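# coordinates for the following, if possible.
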Amino acid sequence: MELPAVNLKVILLGHWLLTIWGCIVFSGSYAWANFTILALGVWAVAQRDSIDAISMFLCGLLATIFLDIVHISIFYPRGNLTDTGRFGAGMAILSLLLKPLSCCFIYHMYRERGGELLVHTGFLGSSQDRSAYQTIDSPEAPADPFAVPEGRGQDARGY
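This is a model prediction of the structure:
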């Protein structure tokens with residue numbers, strides 16, 4: 001099943017709006033965590049070819065899933081909650097529920113930009129791809145990029 005193409009700007013705008021509304025009830029660390037990650041998202045939009053920008057945005061979004069769960073569970077108002085407070089808390093919870101879906105879309109964008117799998121199955125064992133590896137004992141000498149073909153520009157004595 002292929003994921004539909006979703007623009008990174010749409011994801012960023014949606015989470016920005018939900019974070020603004022979530023800040024009605026949850027401020028402080030909730031706002032700092034989410035707006036910092038949204039700033040990484042702006043960086044990922046600005047540099048379309050950067051793997052670092054999109055990977056940091058993805059990792060930050062994954063981290064804010066955990067942080068939002070902790071923050072909402074600790075600071076959810078238990079007492080009298082006005083309609084505005086209920087709306088803000090609902091938007092923060094909706095943002096939390098949409099973040100895993102956003103992570104799937106952003107991971108797809110990460111792969112399109114040339115990123116590799118985040119989890120390598122053989123990271124403890126030996127690697128199978130050694131095409132660019134040359135041992136020290138190799139009988140082949142590396143090609144000299146500054147070598148001049150024989151007979152051109154130099155005489156037999158090397159001058």
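# my read: F87 touches W21, true?
Yes - under the criterion of C-beta atoms under 8 Å, F87 makes contact with W21 at 6.9 Å. For the C-beta atoms, the positions are set from N, CA and C on the backbone; glycine is no exception.
# and the helix or strand encompassing I54, what's buried?
When elements are assigned from DSSP states H and E, I54 belongs to helix 51-75. For helix 51-75, the neighbour count (16 or more other C-beta atoms under 10 Å) marks 53-62, 64, 67-68, 71-72, 75 as buried.
# distance of S50 from G79?
Distance of S50 to G79, computed by C-beta to C-beta, to the nearest Å: 46 Å.
# distance check, the residue nearest to the spatial centre of the chain against K9.
Central residue of the chain (C-alpha atoms, centre = their mean): S55, 1.9 Å from the mean position. Counting by C-beta to C-beta, the gap from S55 to K9 is 18 Å.
# circling back: following element in sequence after the helix holding I54, please.
Using DSSP H and E, the first helix or strand after helix 51-75 is helix 83-112.
# any idea of the mean pLDDT in that next one?
Averaging pLDDT along helix 83-112 gives 92.
# T84 is in contact with I24, isn't it?
Yes - if you go by C-beta under 8 Å, T84 and I24 touch, sitting 6.1 Å apart.
# between these two, which one's more packed in?
A direct count of neighbours by other C-beta atoms under 10 Å for T84 and I24 places I24 higher, at 16 against 11.
# any stretches of the protein with poor pLDDT?
Applying pLDDT under 70 to the chain flags residues 1-5, 117-135, 138-145, 147-159.
# can I get stretch 14-34 in CSV, CA atoms only?
Extracted in CSV, the C-alpha atoms of stretch 14-34 (Å, rounded to 0.1, in the frame of the first residue of the first chain):
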residue,chain,number,x,y,z
GLY,A,14,-1.8,21.5,10.8
HIS,A,15,0.5,20.8,13.8
TRP,A,16,1.2,24.5,14.2
LEU,A,17,-2.5,25.2,14.4
LEU,A,18,-3.2,22.4,16.8
THR,A,19,-0.3,23.4,19.0
ILE,A,20,-1.5,27.0,19.1
TRP,A,21,-4.9,25.8,20.3
GLY,A,22,-3.4,23.3,22.7
CYS,A,23,-1.4,26.1,24.3
ILE,A,24,-4.7,27.5,25.5
VAL,A,25,-4.6,24.9,28.3
PHE,A,26,-1.0,23.6,28.3
SER,A,27,1.7,26.2,28.2
GLY,A,28,5.3,26.2,29.3
SER,A,29,7.1,22.9,28.4
TYR,A,30,4.3,21.8,26.0
ALA,A,31,4.7,25.0,24.0
TRP,A,32,8.5,24.9,24.0
ALA,A,33,8.7,21.3,22.9
ASN,A,34,6.2,21.5,20.1
